[in-house]
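> Whatever this is, show me its structure:
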Amino acid sequence: MTLKINWDHKRCKHCLERMWLRGISVHEVKEALLKGKKVKQKETKLMEAFHRHYSVVYDERRAKKIRKIYPITVKLW
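Residues are numbered from 1 along each chain as shown. This next block holds a predicted model:
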């Protein structure tokens, strides 16, 4: 299944700002989405991927062979 991350500035401006403040690169976010432990948030129905010292909250949409990711925020833990 192909992974496509939508880095549209209007849609994920908050996520890009949080990544910049926390020193996390786009490559590290992609690594978290591929290798991190995934947990579904109950109240919002969003996904959260935990990897190393940070987590990525995102919305996921699946098409036939494409997994579209819309990042929302990045958290340190």
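> List the residue ranges of the protein that fall below the pLDDT cut-off.
Residue ranges of the chain with pLDDT under 70: none are present.
> could you redo the last one with a cut-off of 80?
Applying pLDDT under 80 to the chain flags residues 1.
> all helices for it, in order.
Taking DSSP state H as the criterion, the chain carries its helices at 13-22, 26-35.
> which outside residues touch stretch 11-26?
6-7, 9, 29, 54, 56, 70-76 (Cβ atoms under 8 Å, 6 or more residues apart in numbering). In this view, the C-beta of every residue, glycine as well, is placed from N, C-alpha and C.
> related to what we said a few turns ago, save the helices of the chain as a markdown table, and put in mean neighbour count too.
Below are the helices of the chain laid out as a markdown table (neighbours: other Cβ atoms under 10 Å):
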| stretch | mean neighbour count |
| --- | --- |
| helix 13-22 | 14 |
| helix 26-35 | 15 |
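> what's the closest of these to Glu43?
With Cβ to Cβ as the measure, helix 13-22 is the member of these nearest Glu43 (18.5 Å).
> Please identify the buried residues of the longest strand along the chain?
If you go by DSSP state E, the chain has its longest strand at strand 66-76. Of all the residues in strand 66-76, those buried under the rule 16 or more other Cβ atoms under 10 Å are Ile69, Tyr70, Pro71, Ile72, Thr73, Val74.
> coming back round to it: please tabulate the helices of the chain in TSV, including the columns distance to Lys65.
Shown next, in TSV, are the helices of the chain (distance: least, Cβ to Cβ, whole Å):
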stretch	distance to Lys65
helix 13-22	25
helix 26-35	16
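> which stretch among those comes nearest Phe50?
So among the helices of the chain, helix 26-35 is nearest, using Cβ to Cβ, at 7.5 Å.
> chain center to that closest one: distance?
Here the centre of helix 26-35 is set off from its chain's centre by 8 Å, with Cα atoms, centre = their mean, to the nearest Å.
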